[in-house]
Structure formats: structure tokens, C-alpha cells
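A.B. asks: Have a look; sequence and predicted model below, questions after that.
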Amino acid sequence: MKRLLLAASALVLAGAVALGSATSVDAWGATGHRLIGVAAMRALPDDLPAFLRAPGAIAEVGELSREPDRSKGAGQPHDRERDTAHFVDLDDAGHVMNPAGPTLDQLPELKSEYDAVLLAAGIKVNDAGYLPYAIMDGYQQLERDFAYWRVLNAAEAREADPARRAWYREDRLRREALILRDIGYLSHFVGDGSQPHHTTIHYNGWDRNTPNPEGFTTSRQTHGAFEGAFTRRAARLDAVEAAMPAPVLDGFDLRARTATYLTTTVAMVTPFYRLEKAGGFTDGDPRGAAFATERLAAGAAELRDLVTLAWREAGTRSIGWPAVKVAEVEAGTADPWLAMVGED
């Protein structure tokens, strides 16, 4: 496994243009998802734990960024809950599916409430997609992961009892593996959210049941050709990293940020189809490569920021039972042993 990770890291960092292909219409292809995960991890600030920036960890997240696609087809209820998490289909006015659906700013707190809203509007839940909830859920899980890691790391450093210190170390290592897995899953859904086809009813060619005044393509090959073969040929790690916008970390509100992120992406749907019509995605045309690079960079930057925010917010939380405050454990004023091991 270590050799595999190091080999994957070398390939990704060398350019990531020959790492894999994808012809499905379900997500960025393997290349796109790997690039987003790797670029985000390489851009993490220095105040995050050093294990996150190790080459093996970076490569691991790159590989795990593909995992939600690889788990498809397991059956029900698995597929109903997970396969619909890769997209949210918005109409041209930003409503889920059609004018009767909610906008992203109007999404209820719970998925079950979202289902009820859609059903009341006559919209099939499977058609609409759960992507905003997948992003928010992934962020919240990562924040909890970091809260546990911070407590375990602080307790391990202070614990005088060898047996307890050894347990803290083992549990910290378990948590590090979980953190990489959960960043990989979050990476996947954040990456899906940067691909315009994952946010629109025009997800694979312009929707044939809606007006098409500019004569955009209705080909059912549009989605897969762009995010798979084209991105594999055109996208490069160095270009994605250079295009990543600066961090945006102030005034964080998860729901509002998720809505803004996806709204920004859906605004790129019409520009995509205009560029496709103009031949921008033919080989050698720099406009298509620039478009793909900008979208991959947007996904990588959002993942970088969400990982950073999850780490910082984790320091304000309480975890375990009986609950302990992360800040108090890190300050040395609280003993987390029972909260971590379990009182029973």
C-alpha cells in the first residue's frame, strides 16, 4: 500500500494527465477528482497538523476523492441515499428542478424536510439531488474528526501513565486514518459542486424540454466528454494550483457558504454551453483548458478552505461523554480519559 501511495503521489504531482479516464456522467472523472484533492491538501496552511501535508497523506486523499463513485451500485437503500448526493439539478432561475422547487437559500435543515418540500411540489426526489446536504454533512463529520484528534493529541502529549498514553496514541492514529478518508469523501462532493453539470437540469446537453434560444448542444455525450476524456487531456496540477483563489475564511456560515458555492457554479452553465458551441473544447483550443482549470481550482480552493475551517472550528467544540471542551483539554485544565475511552 505504501508503494502504491508513493507511486500515485509521484504521478499526480508530475502532471495528473494520465491517471485515469471516466466516461460516465456521474462526476468529475478520476483525473479531476484526484487533482482537486491533491491541490487542496498541498495548499493547507501551516497551522493544521503536519500529518495532513505528508506526501502519502496527500496521495491518499487524491485516491479517496474518487471513492463515492466507486461505491455505486450496491443496492437499496445504499444507492438511494448516496448516488443522489452527487448533484442538485437547478433550473435557469436557481430553483431545484423547476419554479415550484426551493432555491438553495431556501433549503430546509434536514434532508427529510427537503424530500417533503419536493414531493409537495410534485418533484421526484431522485431527480433533484442531495449535493448541498452531502457537502454540509461531510464538513460536519470532518469537524468532529478534528475535535477528537485535537483532544487525543493534547492528551497524549501530557499523559504520564504509559498505558493511557499508548491508548491515546493508537486512537489518534485511528482518527488520522478516518480524517483522510473523510476529507476524501468531502473532496468528492465539493469537487462535484465545482462541475457545472452537477448543478443544473442541463446536466448532459441542454435540457430538451426547456427553451434553447441559443441553440446549445443536446448531445448526451456532453457531460462525460468534458469531465472525463477532455479533462484528462487538458488539466494539470500546476495550472490548477496557480488558478486557486485566495482563502476565504471570515464570516463562516456553513449553509450560506454552501449555497453561495453552488450558486457560483450554476452560473457557469451557460458559459460552458457557449464555449462548447464555439468549439472551445476541441484539442488545442486554450479556452476549454482554461475553463476546466478554473473549475477544478474552484473546487480545490473550496476544499482547502473547508478543511481549514473545520480544523479551526473544532477547537471551539465539546466532544465525548461525559463531554469535554477541546479548548480545556488543549489548555491542560480538563482530563479527557473517560470521555475518550468510555465511562462504561
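C.D. replies: Now that the structure is in, tell me what you want to look at. Residues are numbered from 1 along each chain as shown.
A.B. asks: wait, Thr200 sits on Leu90?
C.D. replies: Yes. Using Cβ atoms under 8 Å, Thr200 is in contact with Leu90, at 5.7 Å. All C-beta spots, glycine's among them, are computed from the backbone N, C-alpha and C.
A.B. asks: Which neighbours do those two have in common?
C.D. replies: Counting by Cβ atoms under 8 Å, 6 or more residues apart in numbering, the contacts common to Thr200 and Leu90 are Val266.
A.B. asks: pLDDT (mean, whole number) over stretch 96-113?
C.D. replies: On average, the pLDDT along stretch 96-113 is 97.
A.B. asks: typed the wrong thing, it's stretch 249-265
C.D. replies: pLDDT averaged over stretch 249-265 gives 97.
A.B. asks: What of stretch 333-344?
C.D. replies: Here stretch 333-344 scores 93 as its mean pLDDT.
A.B. asks: Can you name the next helix or strand after the worst-scoring helix or strand of the chain on mean pLDDT?
C.D. replies: Every helix and strand of the chain was ranked by mean pLDDT, DSSP states H and E. The lowest is helix 2-14, at a mean of 36. Using DSSP states H and E, the helix or strand that directly follows helix 2-14 along the chain is helix 30-42.
A.B. asks: So what's the gap between that next one and the chain middle?
C.D. replies: Centroid displacement of helix 30-42 relative to its chain, using Cα atoms, centre = their mean, to the nearest Å, is 10 Å.
A.B. asks: What of stretch 97-106?
C.D. replies: Distance, centroid of stretch 97-106 to centroid of chain: 22 Å (Cα atoms, centre = their mean).
A.B. asks: same thing with stretch 294-305?
C.D. replies: How far stretch 294-305 lies from its chain's middle: 9 Å, per Cα atoms, centre = their mean.
A.B. asks: Ok, stretch 250-269 next?
C.D. replies: On Cα atoms, centre = their mean, the centre of stretch 250-269 falls 13 Å from that of its chain.
A.B. asks: Quick one: residues in contact with it.
C.D. replies: Outside stretch 250-269, the residues that touch it by Cβ under 8 Å, 6+ apart are 88, 90, 94, 104-105, 107, 131-132, 135-136, 139-140, 190, 193-200, 202, 295, 298, 302, 309, 313.
A.B. asks: run the last query once more with 6 Å
C.D. replies: Contacting residues not belonging to stretch 250-269 are listed as 90, 104-105, 132, 135-136, 139, 193-194, 196, 199-200, 202, 302, 309 [Cβ atoms under 6 Å, 6 or more residues apart in numbering].
A.B. asks: Could you look up the next helix or strand downstream of the longest helix anywhere in the chain?
C.D. replies: Across the chain, the longest stretch assigned as helix under DSSP state H is helix 162-192. Tracing the chain C-terminally past helix 162-192 and defining elements by DSSP H and E, one meets helix 222-224 next.
A.B. asks: wait, doesn't Pro108 sit right on Ala116?
C.D. replies: No. Using Cβ atoms under 6 Å, Pro108 makes no contact with Ala116, being 8.1 Å away.
A.B. asks: how much space between the residue lying closest to Ala121 once chain neighbours are set aside and Trp206?
C.D. replies: Of all residues not flanking Ala121 in the chain, Ala100 sits nearest, at 3.8 Å (Cβ to Cβ, 6 or more residues apart in numbering). To Trp206, Ala100 is 21 Å away according to Cβ to Cβ, to the nearest Å.
A.B. asks: neighbour-wise, which of the two wins?
C.D. replies: The neighbour comparison of Ala100 against Trp206 (other Cβ atoms under 10 Å) goes to Trp206, with 24 against 14.
A.B. asks: what number of residues lie near the closest residue to that one other than its chain neighbours?
C.D. replies: Nearest residue to Trp206 in three dimensions, chain neighbours excluded: Phe216, at 4.1 Å (Cβ to Cβ, 6+ apart). Counted by other Cβ under 10 Å, the residues lying close to Phe216 total 19.
A.B. asks: No further questions, thank you.
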